[in-house]
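Colleague: Show me how the following folds:
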Amino acid sequence: MSTAVYPGSFDPITNGHLDIIQRASKIVDKLYVAVLVNRNKKYMFSLEERVEFIKKSTGGIANIEVVSYDGLLVDFCREKGANAIFKGLRAITDYEIEVQMALMNKRLENNVETVLLVSAVDHSFISSSIIKEVAFYGGDIAGLVPEHVREAILEKWRNID
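Modeller: Take a look at the predicted model:
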């Protein structure tokens, strides 16, 4: 059985993330979507909210499990018996960052490979940060995130003092 991990902070999940999840889930028997804690980031949504957004967005995909994890990604891979990490690439800047992380992960755990999936063209410009900023200024984010996520983002911005 092939097992892989698709990690991220998913603050919030976007349709670009969902595209990678759907494509990766067709390649492996089991895919863990791991919502990782990054102590260098300030989050709009709590860890629990981010996990629930993903669960609601991926309910129809039988071979995935959405979990949270705090620690080294390779340790999580070892725990789950995963031999691959999926990452999505939008632009050359993503490539540079992802290669650096892939090489470090390979150094820490030689038995885990990183698989880079290029974003679909219609998702190549989407990032969680851009989504939040556009929404903050009243821009339309419909079709860029799942509808329940769009509503949650708009609600957060409405409740800011």
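Colleague: Identify the residue spatially nearest to residue 154, adjacent ones excluded.
Modeller: Closest residue in space to residue 154, ignoring its immediate chain neighbours: residue 135 at 6.3 Å, by C-beta to C-beta, 6 or more residues apart in numbering. All C-beta atoms are positioned from the backbone trio N, CA, C, and that covers glycine.
Colleague: Please identify the buried residues of stretch 95-106?
Modeller: 98, 102, 105 (16 or more other C-beta atoms under 10 Å).
Colleague: Next step: those restricted to strands.
Modeller: Nothing among the buried residues of stretch 95-106 maps onto strands, per DSSP state E.
Colleague: can those go into CSV with extra columns for distance to residue 38 and pLDDT?
Modeller: Formatted as CSV, these follow (distance: C-beta to C-beta, whole Å; pLDDT from 0 to 100):
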residue, distance to residue 38, pLDDT
98, 15, 93
102, 17, 96
105, 15, 96
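Colleague: For residue 148, state which of these is nearest.
Modeller: residue 98 (28.3 Å; C-beta to C-beta).
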